[in-house]
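Asker: Quick one: sequence and predicted model below, then my questions.
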Amino acid sequence: MIGRALDAVYPRACAGCGTGPWPFCTACAGALRPLQPPWCARCGSPSLLPVPRCRDCPPAPLTSARSAFLYEGPARRAVHRLKFSGWRDVAAAMADAIAAAGPVPVVDVVTWVPLARGRRAERGYDQARALAIALAHRLELPVVRLLRRPVATAPQAKRSRIERRTAVEGAFRASRASPARVLLVDDVLTTGSTLAACATTLREAGAQEVHAAAAARSLPDRPALHRASRSAYPRVGSRSGLWLPGDAPR
């Protein structure tokens, strides 16, 4: 009731353009590329035909990975608003899209890739934690802090796959013993190096399976991959089950 009253006074704007209706206006919703088959069964990367694994699969410590959207256009801007501009409501909208991205693996708990204390203080909150809380609520699962990040690592955006993996080696510590099956949440999946480093720590703490979930997936610039993404993810329209512009996420 309070949320609806606040929406009436301070209506939420489109997470993509910042001006249209929440969560994505018609134009931004049409430009989204939700991830769906045909894809890699392990990591959800687009493919012309279904495959069990692919060259873009994240490192082995992760059991599987899924992302809601390709990291471009409105999805990229929405993640930036969540990450850098304090639009916390984007977490709930993205969590609903993650839950609709494919069958959710059977897990015991949801956790997240933590920010270091200094980085969290700069931003005011941890965007991956916000996503994890929203997704856990959506899936009716417990959300538990299982990891900590004693030291901040430099931004990964311009690093190669090998540089990314080296940069996050040993960056995470377990906060407690881990349940057997974990869903690990982050905002963007690129090479999977950060998620894999977290998965290694979780496995050392007792996890047997670590599945990753992200709001968006950043993929390399390869012609064949773009042909697959154009075929699988048309720029106009939304897939069945994805919430529509203006609807409140379920």
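Answerer: Alright, I've got the coordinates. Numbers count the residues shown, from 1 in each chain.
Asker: name the element the spatially most central residue of the chain belongs to?
Answerer: Centroid check for the chain by CA atoms, centre = their mean gives Ala214 as the closest residue, at 1.5 Å. In the assignment (DSSP states H and E), Ala214 maps to strand 209-217.
Asker: where exactly do the helices run in this structure?
Answerer: 2-9, 26-31, 73-84, 89-99, 117-123, 127-139, 161-167, 193-204, 223-232 (DSSP state H).
Asker: Put together CSV for the ones you listed, with mean pLDDT, distance to Ser175 and mean neighbour count on each row.
Answerer: Every C-beta, even on glycine, is put in place using the N, C-alpha and C of the backbone. Listed next are the helices of the chain as CSV, based on pLDDT from 0 to 100; distance: least, CB to CB, whole Å; neighbours: other CB atoms under 10 Å:
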stretch, mean pLDDT, distance to Ser175, mean neighbour count
helix 2-9, 42, 31, 9
helix 26-31, 96, 37, 18
helix 73-84, 96, 22, 20
helix 89-99, 95, 21, 24
helix 117-123, 85, 13, 13
helix 127-139, 97, 13, 22
helix 161-167, 58, 21, 14
helix 193-204, 95, 10, 23
helix 223-232, 53, 37, 14
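Asker: so what pLDDT did the residue nearest to the residue nearest to the centre of the chain when sequence neighbours are not counted get?
Answerer: In space, and not counting its chain neighbours, Ala214 is closest to Leu189: 4.0 Å by CB to CB, 6 or more residues apart in numbering. pLDDT, Leu189: 96.
Asker: does Leu189 have beta-bridge partners, and which?
Answerer: Arg217 (DSSP bridges).
Asker: What of Pro46?
Answerer: Using DSSP bridges, the bridge partners assigned to Pro46 are Trp39.
Asker: Confirm for me that it is in contact with Pro34.
Answerer: No: using CB atoms under 8 Å, Pro46 is not in contact with Pro34; the gap is 10.8 Å.
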